[in-house]
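In: Based on what follows, work out the 3D shape:
(one chain, ligands or ions: 1)
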Amino acid sequence: DWAATIRVAALDCADKSNHEVCQTYDIHFYPSFRYFRAFTKDFTTGENFKGPDRELQTVRQAMIDFLQNHTDANRPPACPALDPIRPSDVLSLLDNREGRYVAVLFESNSSYVGREVILDLSPYENIAVKRALDSDPAFLEKLGISSVPSCYLVYPNGSHGLINIMKPLRSFFSSYLKSLPDVRKKSLALPEKPSKEENSEVVVWREFDRSKLYTADLESGLHYLLRVELATHRTLAGAELKTLKDFVTIVAKLFPGRPPVRKLLEMLQEWLASLPLDRVPYNAILDLVNNKMRISGIFLTNQIKWVGCQGSRPELRGYTCSLWKLFHMLTVRAGTHPDALDDTGFEDDPQAVLQTIRRYLLTFFGCKECGEHFEEMAKESMDSVKTPDQAILWLWKKHNLVNSRLAGHPSEDPRFPKVAWPTPDLCPACHEELRGLDSWDEDQVLLFLKRHYGSDNLVHTYAAALGGTGEAEEPEGGRANPERPGDHGAESLLQPGALPPTPRPSEGSHLGPARPEARREVEAAAPFLGMGFSSLDMSLCVLLYVASSMFLMVMFFFFRVRSRRWKGRHRHPSV
Ligand SMILES: Cc1cc2nc3c(=O)[nH]c(=O)nc-3n(C[C@H](O)[C@H](O)[C@H](O)COP(=O)(O)OP(=O)(O)OC[C@H]3O[C@@H](n4cnc5c(N)ncnc54)[C@H](O)[C@@H]3O)c2cc1C
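Out: Below you'll find the predicted structure:
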């Protein structure tokens, strides 16, 4: 009903095809609300209104505040007057001879009911809705109003009186007024919604074993993390960059996946560690992840294929599931391979993996709410972790807490109910009964987690075929399983060289010009001379060139002075 005044659209920033738009508009967290004023001509990323929560009612009220922040000159023409009228205006309305209904909602200054009802009735004809404040008790008494909100109605024939409704709520007022005789909805010419069939994807179910871990899930998750989640940050600097460097270090050292992926992570880690800059454009990272330099043996799929993380609907499970699995694998690997973090600065720190995950979630995780919940749990007890095994168990316990909090939540997939994990069928030894109560045998749980999240439990079924440069590599232990018949996912996988062109804001001219400083940063990372070199690479080359020239010159002068001295000594042997 409010559409003529304020249009609402939702964009799924988790969908890779929207990635460029979300990046242009600097969307870092979901949900993010952006408001765009009517008649705005120049590009803007919109205004960010933050209510105390994200409840529908708060969002509706933020919309009203936003509409009221318009000046008279730029107010949307269809927006009805939302400011309160004075008692004198009410009196003149009582002499209504316009032949239509006039409803006046009396309310307190902080109430939004009047404005919501005004907007609810805005597409209806034969009725005008106004609001007035309860600031003049004598006037209210004259009209017979004893409590607010109340609605005073002036009928088309001039008679008037208070309307009688069961509850003084927006929905009751609106529905009463909409059902008055001769009050009808005007026809609105709004663009049609795209039909459901056009958008619906055909989802093919992949059979899988719940006791196994699937490379396809982990690689799809890494692809999403590096190419979608990080992409919402145009440049990374300061604490954000440090968090990314530490996270990549932890993953590069502990990810037990296939060699081309591990190699890519190692390369990314070394590159980030060697950077002399405190600011990196995201596109420079993307060039590396896409292996623009075509280094042999490096590859990460650019397709999403969930297997153990499939949801029964496309919006369920997927990325967050793969992230949990990745995190558990990292804690387990740190516990079973004590030397893995040597020479990283994280050795001998049993909390290193958990603390890095914690910072990653707070800085980059698209689900802001999830990051905040995790932070609460971390603040409460992460400091108590004293050994790598305790880190494994800490994450397991907290994951179970999240499971129990989300049981029955709309994000729960009915096919994968949220229960305490591992279930008795997965690990009978983990469960015991103490004085009639279910409890965990934590030693058994630890053994189970080490087995379940260990590299030996990784299955490559459904995993993307390794790209051209990585094909020569045998996956670890030669355990790669062939694609199952009928699974065509791998065929659609592009070779690294054939990746779709990196979306760049300059190509998105239909979106309007992006912020100039952001554009400069992104252009700084644009391919140089069309050879896959970014200007960052070129600056490093120039730096190296100057340094080596200086070194040669110093050597030249050193030997020249030495040879002069030597000649001098031979000419004057007595000296
Ligand atoms: C750090 C983090 C915090 C989150 N916080 C929220 C939140 O606050 N609100 C919200 O709505 N969503 C949150 N999510 C998302 C949510 O936890 C689930 O990921 C999502 O609902 C999908 O659930 P799922 O059925 O795939 O199972 P997930 O909970 O994602 O688990 C993935 C897999 O891990 C295994 N597993 C399950 N429990 C455990 C355990 N205790 N230990 C080890 N392995 C286990 C199972 O094999 C399971 O299939 C969060 C996600 C993450 C990564």
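
In: all contacts plus neighbour counts: C-alpha atoms, from now on.
Out: Fine.

In: how about the strands in the stretch 101-250 of the chain?
Out: 101-107, 124-125, 127-133, 150-154, 160-162, 184-185, 213-214, 235-237 (DSSP state E, counting those that start in this stretch).

In: Quick one: closest of these to the ligand.
Out: Taking CA to the nearest ligand atom, strand 213-214 is the member of those nearest to the ligand, at 8.2 Å.

In: and that closest one with the ligand, contact?
Out: No - with CA under 6 Å from any ligand atom as the criterion, the ligand is not reached by strand 213-214; the gap is at least 8.2 Å.

In: Parallel or antiparallel, list what pairs with that strand.
Out: strand 458-459 (parallel) (DSSP bridges).

In: Alongside the ligand, which residues does the stretch 201-350 of the chain contribute?
Out: By the rule CA under 6 Å from any ligand atom, the part of the stretch 201-350 of the chain lying against the ligand is 309, 317, 320-321, 323-325.

In: which of these tops the neighbour count?
Out: In terms of neighbour count, residue 309 stands highest of those at 25 neighbours, by other CA atoms under 10 Å.

In: wait, is that one part of a strand?
Out: No - Residue 309 is assigned coil when assessed by DSSP: H, G, I helix; E, B strand; the rest coil, not a strand.

In: Give the full set of residues in contact with the one residue sitting closest to the centre of the chain.
Out: For the chain, the residue nearest the mean C-alpha position is residue 366 (2.2 Å; CA atoms, centre = their mean). Listed by CA atoms under 8 Å, 6 or more residues apart in numbering, the contact partners of residue 366 are 28-30, 229.

In: Where do the helices of the stretch 51-200 of the chain begin and end?
Out: 56-68, 87-94, 113-120, 137-143, 170-178, 196-199 (DSSP state H, counting those that start in this stretch).

In: who wins for proximity to residue 18 among the ones you listed?
Out: Each of those was scored for nearness to residue 18 using CA to CA, and the closest is helix 196-199 (13.9 Å).

In: which of the contacts of residue 366 lies closest to the ligand?
Out: residue 30 (11.8 Å).

In: and residue 554, how far is that from residue 567?
Out: 20 Å (CA to CA, to the nearest Å).

In: returning to what we had before: tell me which of the helices of the stretch 51-200 of the chain is the most buried.
Out: helix 113-120 (a mean of 23; mean count of other CA atoms under 10 Å).

In: Give me the three-state assignment for the closest residue to the ligand within the stretch 401-550 of the chain.
Out: Nearest to the ligand, among the residues of the stretch 401-550 of the chain, is residue 421, at 4.7 Å (CA to the nearest ligand atom). The local conformation at residue 421, judged by three-state DSSP, is coil.

In: So for it, what's the pLDDT?
Out: With respect to pLDDT, residue 421 scores 95.

In: so the nearest residue to it once chain neighbours are set aside, which of the three states?
Out: The shortest distance from residue 421 to any non-neighbouring residue, by CA to CA, 6 or more residues apart in numbering, is to residue 400 (6.6 Å). When classified by three-state DSSP, residue 400 comes out as helix.

In: again, but for the one 4 residues further on
Out: In terms of secondary structure, residue 404 is helix; the call rests on three-state DSSP.

In: again, but for residue 3
Out: For residue 3, the assignment made with three-state DSSP gives coil.

In: Just the pLDDT for it.
Out: Residue-level pLDDT assigned to residue 3 equals 90.

In: Show me the domain layout of this protein.
Out: Per the record, the chain has its domains at 1-78, 87-185, 213-492, by automatic domain parsing.

In: Run through the chain and note the low-pLDDT ranges.
Out: 50-54, 96, 187-203, 436, 467-539, 569-575 (pLDDT under 70).

In: can I assume residue 248 is in contact with residue 267?
Out: No - assessed by CA atoms under 8 Å, residue 248 is found out of contact with residue 267, at 10.0 Å.

In: which of the two has more neighbours?
Out: residue 248 (24 against 18).

In: Tell me how far the more buried one lies from residue 330.
Out: Here the distance between residue 248 and residue 330 works out to 12 Å (CA to CA).

In: Thought residue 407 was touching residue 417, still the case?
Out: Yes - Residue 417 lies in contact with residue 407 (CA under 8 Å); the separation is 7.1 Å.

In: These two: which is more packed in?
Out: Taking neighbours as other CA under 10 Å, residue 417 and residue 407 compare with residue 407 leading, 15 against 12.

In: Now tabulate the domains of the chain in JSON lines and tack on distance to residue 558.
Out: JSON lines is the format used below for these (distance: least, CA to CA, whole Å):
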{"stretch": "domain 1-78", "distance to residue 558": "54"}
{"stretch": "domain 87-185", "distance to residue 558": "82"}
{"stretch": "domain 213-492", "distance to residue 558": "30"}
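
In: Most proximal residue of the stretch 201-350 of the chain with respect to the ligand?
Out: Closest point on the stretch 201-350 of the chain to the ligand, by CA to the nearest ligand atom, is residue 321, at 3.2 Å.

In: what packs against the helix or strand encompassing that residue?
Out: Assessed by DSSP states H and E, residue 321 sits inside helix 319-336. Secondary-structure packing of helix 319-336 (3 or more CA pairs under 8 Å, 6 or more residues apart in numbering; DSSP states H and E): helix 215-224, helix 238-254, helix 352-364, helix 388-406, helix 442-452.

In: how far off helix 215-224 does that helix point, in degrees?
Out: Orientation check (axes from the mean of the first three to the mean of the last three CA atoms, to 10 degrees): helix 319-336 against helix 215-224 gives 110 degrees.

In: Any buried residues in helix 319-336, and which?
Out: Within helix 319-336, the residues scored as buried using 16 or more other CA atoms under 10 Å are 319-335.

In: before we move on, what about stretch 147-162?
Out: Of the residues in stretch 147-162, 149-156, 158, 160, 162 count as buried by neighbour count, 16+ other CA under 10 Å.

In: Stretch 275-285 too?
Out: For stretch 275-285, by 16+ other CA under 10 Å, it's 280-285.

In: Which of those residues fall in helices?
Out: Residues of the buried residues of stretch 275-285 located in helices (DSSP state H): 282-285.

In: Quick check: end-to-end length of stretch 22-32?
Out: Using CA to CA, the two ends of stretch 22-32 sit 10 Å apart.

In: Outside of that stretch itself, list whatever touches it.
Out: Under CA under 8 Å, 6+ apart, the answer for stretch 22-32 is 13, 45-46, 48, 231-234, 364-368, 505, 514.
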